[in-house]
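*Asks:* fold the following and give me the result.
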Amino acid sequence: VQLVESGGGLVQAGGSLRLSCAASGRTFSMYTTGWFRQAPGKEREFVAVMTWNGANTYYADSVKDRFTISRDNAKRTVYLQMNSLKPEDTAVYYCAAQVGYPGSYAARDFSSWGQGTQVTVSS
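*Replies:* Next up, the predicted model:
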């Protein structure tokens, strides 16, 4: 599956953004999809994931209660609604997908990646 993110930009602290990830491929509904982010000089880190059947979602502690992952299988699109943004949320955000259940929610267990979209939160 090929992934293309959009929706990044510059926002003030406390603001909101919604990222989108458009996927190609007819079997998108069989993919667990996640969002990761990478800040300058830091490793890529897990943000949120939704299992392929939509039954489960998981979030990093740092974004819990502020970010929401969702998907629309008919549109083959995954979303990340980000509210109450903080300067420390500044990073390149990547969409990722793995058929079925990945071994873990670490980046290494996802085989398909988008090119990333920049999110910058000013203080």
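*Asks:* SS state for the spatially most central residue of the chain?
*Replies:* By C-alpha atoms, centre = their mean, the mean C-alpha position of the chain lies nearest to Trp35, the distance being 2.1 Å. With DSSP: H, G, I helix; E, B strand; the rest coil as the basis, Trp35 sits in strand.
*Asks:* could you find the closest non-adjacent residue to it?
*Replies:* Of all residues not flanking Trp35 in the chain, Val47 sits nearest, at 4.3 Å (C-beta to C-beta, 6 or more residues apart in numbering). (Each C-beta comes from the backbone N, C-alpha and C, glycine too.)
*Asks:* same question, Phe67
*Replies:* Phe67 sits nearest to Met82 (C-beta to C-beta, 6+ apart), 5.1 Å away.
*Asks:* not counting residues beside it along the chain, what's closest to Ile69?
*Replies:* Ala48 (4.1 Å).
*Asks:* tell me how many other residues surround that neighbour.
*Replies:* The tally of other residues near Ala48 (other C-beta atoms under 10 Å) stands at 24.
*Asks:* and what of Ser24?
*Replies:* Ser24 has 11 neighbouring residues, counting by other C-beta under 10 Å.
*Asks:* and it, how far from Asp109?
*Replies:* 21 Å (C-beta to C-beta, to the nearest Å).
*Asks:* go on, Gln118?
*Replies:* According to C-beta to C-beta, Gln118 stands 24 Å off from Asp109.
*Asks:* mind checking pLDDT for Gly103?
*Replies:* Per-residue confidence at Gly103 stands at 84 (pLDDT).
*Asks:* chain neighbours aside, what residue packs nearest to it?
*Replies:* Nearest to Gly103 is Asp109, by C-beta to C-beta, 6+ apart, at 4.4 Å.
*Asks:* show me what contacts the one you found?
*Replies:* Asp109 makes contact with Gln98, Pro102, Gly103, according to C-beta atoms under 8 Å, 6 or more residues apart in numbering.
*Asks:* many thanks, have a good one.
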